[in-house]
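In: A predicted structure for the sequence below; I have some questions about it.
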Amino acid sequence: MEESEAKVPSKEIWQKSAEAYLASESNLISFGAIRFGQLLTKAIYDSKLSESGLVPLDMIEDYSEVIYTELPMYYAVKSNLKDITSPEVVLVCKIKSATLAIETMKKDFQIGEIIEENGVKFLFTSDFKIGLSDNEMIVFMSENIDNKRAQTAIENTIIGLKSKKTNSEIAQTIANKSDLSFALNIAQIQSAIHSLIGTPVPKSKQIAKGTVAMHLSFEKGKIILTNKNYLSQQAIGLNIFAENSKAMLKKLGAGSPSAAITLALNMEGLEKLRKQYLPKSISNAIQDSDLDASIKSSVPRELSVIEAFIQKDGLQRYIDGNFAFGQYSVDEKHMEYSAYLGIGAGLEEILKNEFNPIEGFFHSLEIDDTRMELYTSEVNGPQNNVNKLQLKPDFEVLGAKPISAFWDIERHPYKEFFKNDRVTERILELLKHMTLNADQMGGELTITMKNEKENSMTQIANLIPSLVLGSIFQ
């Protein structure tokens, strides 16, 4: 059997190896999985790009003979807290043969000396370092790192792949079958930020632990971005969101909006979050840090004043966590708006001073110690028994989650905003609408295409040849 026809290794075993490697890494900021084969098919082989001459198909096919594109590639981004401005990026993938990989790379790159130690071949260039075992390729990238340290990092990666370590959050994230999965390690990012600005790393109880995972899928007629949060019981217990934001629907203007947002926060939980994880104000933390003086001086004075009031009086004196915004298309160029903001007594006079002088621009404006409510037109003014909110069936889920939104792209006069950006305009012409619903544990952003029978990435890739041709003859 030829090397290129080798039997594909088990996806389950490879996933377990990746989990073991990622679980063994310290200072892990981010990690994820790339399903390269799926992306190649959707973006190139099934699209007009495959016949356009714009992509190096021969090179892609050469490397497809080396790499098991049926298996995910996994990556890790690590941070050394002593120098977090130079993260280390590691990419691991399954290959059919180290010898075949080297022969293929020699066609495209100038490769210097190949070092072999303990059955691993090492290739070093100024941009990246590569380690090749019989069945894995490890690509290591980092600024200002010598070959010896890179070799050690690659060797540790191979050891990690064989370590049998486990981590349920990592396992659940990389097991997702989306085209791209990526995750952030909250505790490590928090520690890295404190290290960057030169403030002491918080005590254990002040560190938010958990993983924020995102999964991007290009499906028939849809692009779906799914968020799943794996939080500590301590973080979940804060409960910073309300159960849903349905109460905000009645605060939207009457009629059929082309875009809307509703938000409902649990202010008691948000106050606990602030006190536990931000005991000092952001502006004070910056001023007490080792950041450059120019950065410190750029912090608006108003921020420190606002934060001082919040520290003294609490968030609930200024906001109640409820918000609703609606946008209504009048014609191809003009829009009307409605906005509702739940406030506390501390914000009433501030808003009156800002908005009362321009009250004439609105159909109605009301501000008291509980809310600010404004509408720019009578047609899309406050709802009543005659004039009601009219949501299209696609958007009737609005308000089901504490963060909820939609954008009816077909009805929105977006061309007025992007008339000088032909690329964005052409992509938007493919889209029908967008919806978002999320809570503390996760959410989903869905973009629906007008053509619901063809893969969404293939549709976007089909635009590229004409866009390139159009740019040449502009």
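Out: Thanks, I have the structure now.
In: Residues contacting the host helix or strand of R274, please?
Out: Following DSSP states H and E, the helix or strand that holds R274 is helix 267-277. Residues outside helix 267-277 that contact it (CB atoms under 8 Å, 6 or more residues apart in numbering) are 202, 205-206, 208, 238-241, 310, 314-316, 319-321. (Each C-beta comes from the backbone N, C-alpha and C, glycine too.)
In: who does the helix or strand just after it touch, helix- and strand-wise?
Out: Moving toward the C-terminus from helix 267-277, the next helix or strand (DSSP H and E) is helix 282-287. Judged by 3 or more CB pairs under 8 Å, 6 or more residues apart in numbering; DSSP states H and E, helix 282-287 is in contact with helix 293-297, helix 301-313.
In: Can you check which of these gets nearest to L365?
Out: helix 301-313 (22.7 Å; CB to CB).
In: can you give me the angle that closest one makes with helix 267-277?
Out: Between helix 301-313 and helix 267-277, the angle comes out at 110 degrees (axes from the mean of the first three to the mean of the last three CA atoms, to 10 degrees).
In: Mind giving me the packing neighbours of the next helix or strand along the chain from helix 301-313?
Out: Counting by DSSP H and E, the element after helix 301-313 in chain order, helix or strand, is strand 319-329. Counting by 3+ CB pairs under 8 Å, 6+ apart, the packing neighbours recorded for strand 319-329 are strand 259-264, helix 267-277, strand 335-343.
In: list the contacts for the closest residue to S64 other than its chain neighbours?
Out: Spatial nearest neighbour of S64, excluding adjacent residues (CB to CB, 6 or more residues apart in numbering): L40 at 7.4 Å. L40 makes contact with 60, 64, 69, according to CB under 8 Å, 6+ apart.
In: Give me the subset of the residues you listed lying in helices.
Out: When the contacts of L40 are checked against helices (DSSP state H), the matches are 60, 64.
In: out of the contacts of L40, who has the most neighbours?
Out: T69 (21 neighbours; other CB atoms under 10 Å).
In: Give me the phi and psi for that one.
Out: Note on T69: its backbone torsions stand at phi -70, psi -10 [degrees, to the nearest 10].
In: Report the spatially nearest residue to it, omitting neighbours in sequence.
Out: Here the residue nearest T69, using CB to CB, 6+ apart, is G37, at 3.6 Å.
In: do the same with V90
Out: Leaving out its chain neighbours, V90 is closest to A76 (CB to CB, 6+ apart), at 4.7 Å.
In: Give me the secondary structure label for the closest residue in space to G255 that isn't next to it in sequence.
Out: Using CB to CB, 6+ apart and skipping the chain neighbours, the partner closest in space to G255 is N380 (4.7 Å). Here N380 is recorded as coil under DSSP: H, G, I helix; E, B strand; the rest coil.
In: Surely N380 is in contact with S256?
Out: No. With contacts counted by CB atoms under 8 Å, N380 stays clear of S256, the gap being 9.1 Å.
In: Compare these two (neighbour count), which wins?
Out: With neighbours defined as other CB under 10 Å, N380 and S256 compare such that N380 has more, 25 against 16.
In: what about that one, distance to A254?
Out: 6 Å (CB to CB, to the nearest Å).
In: Find residues that contact each of the two.
Out: Residues touching both N380 and A254 (CB under 8 Å, 6+ apart): there are none.
In: Who are the contact partners of K453?
Out: 220-221.
In: Which of the helices or strands spans it?
Out: Per DSSP H and E, there is no helix or strand for K453.
In: likewise the one 5 residues further on?
Out: The secondary structure element spanning T458 is helix 456-472 (assigned by DSSP H and E).
In: what are the C-alpha coordinates of that helix, in PDB please?
Out: These are the backbone C-alpha positions of helix 456-472, laid out as PDB (Å, rounded to 0.1, in the frame of the first residue of the first chain):
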ATOM      1  CA  SER A 456     -22.900  29.200   3.000                       C
ATOM      2  CA  MET A 457     -19.100  29.200   2.700                       C
ATOM      3  CA  THR A 458     -19.400  27.900  -0.900                       C
ATOM      4  CA  GLN A 459     -21.700  30.800  -1.700                       C
ATOM      5  CA  ILE A 460     -19.200  33.400  -0.300                       C
ATOM      6  CA  ALA A 461     -16.300  31.700  -2.000                       C
ATOM      7  CA  ASN A 462     -18.100  31.900  -5.300                       C
ATOM      8  CA  LEU A 463     -18.000  35.700  -5.100                       C
ATOM      9  CA  ILE A 464     -14.200  35.800  -4.900                       C
ATOM     10  CA  PRO A 465     -13.300  35.400  -8.600                       C
ATOM     11  CA  SER A 466     -15.700  38.200  -9.700                       C
ATOM     12  CA  LEU A 467     -14.600  40.500  -6.800                       C
ATOM     13  CA  VAL A 468     -10.900  40.000  -7.800                       C
ATOM     14  CA  LEU A 469     -11.700  40.600 -11.400                       C
ATOM     15  CA  GLY A 470     -13.700  43.700 -10.500                       C
ATOM     16  CA  SER A 471     -10.900  45.100  -8.400                       C
ATOM     17  CA  ILE A 472      -8.500  44.800 -11.300                       C
END
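In: in that helix, what counts as buried?
Out: Buried positions in helix 456-472, judged by neighbour count with 16 or more other CB atoms under 10 Å: 456-465.
In: can I get those residues in JSON lines with pLDDT and distance to F182?
Out: Shown next, in JSON lines, are those (pLDDT from 0 to 100; distance: CB to CB, whole Å):
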{"residue": "S456", "pLDDT": "98", "distance to F182": "19"}
{"residue": "M457", "pLDDT": "98", "distance to F182": "17"}
{"residue": "T458", "pLDDT": "98", "distance to F182": "22"}
{"residue": "Q459", "pLDDT": "98", "distance to F182": "23"}
{"residue": "I460", "pLDDT": "97", "distance to F182": "20"}
{"residue": "A461", "pLDDT": "97", "distance to F182": "21"}
{"residue": "N462", "pLDDT": "96", "distance to F182": "26"}
{"residue": "L463", "pLDDT": "95", "distance to F182": "25"}
{"residue": "I464", "pLDDT": "93", "distance to F182": "24"}
{"residue": "P465", "pLDDT": "92", "distance to F182": "29"}
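In: so which of these comes closest to L91?
Out: M457 (21.1 Å).
In: so who does that closest one touch?
Out: 39, 42-43, 47, 179, 218, 223.
In: Give the PyMOL command for selecting the buried subset of those residues.
Out: To isolate the buried ones among those in PyMOL, judged by 16+ other CB under 10 Å, type:
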select buried, resi 42+43+47+179+218+223
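In: Just the ones of the contacts of M457 in helices?
Out: Per DSSP H, those map to helices at L39.
In: follow-up on the earlier one: check the gap between the residue nearest to V90 and L40 for me.
Out: Applying CB to CB to A76 and L40 gives a distance of 22 Å.
In: what does I34 give?
Out: 11 Å.
In: Count the neighbours of P9 for me.
Out: 15.
In: before we move on, what about P413?
Out: 15.
In: Just give the nearest non-adjacent residue to it, would you?
Out: P413 sits nearest to E332 (CB to CB, 6+ apart), 5.0 Å away.
In: right, and that neighbour touches E416 too?
Out: Yes. Contact criterion CB under 8 Å: E332 and E416 qualify, at 7.2 Å.
In: Go through the helix or strand of the chain with the lowest mean pLDDT and flag the buried ones.
Out: One helix or strand of the chain scores below all others by mean pLDDT, DSSP states H and E: helix 282-287, with a mean of 73. Under the neighbour-count criterion of 16+ other CB under 10 Å, helix 282-287 has 283-286 buried.
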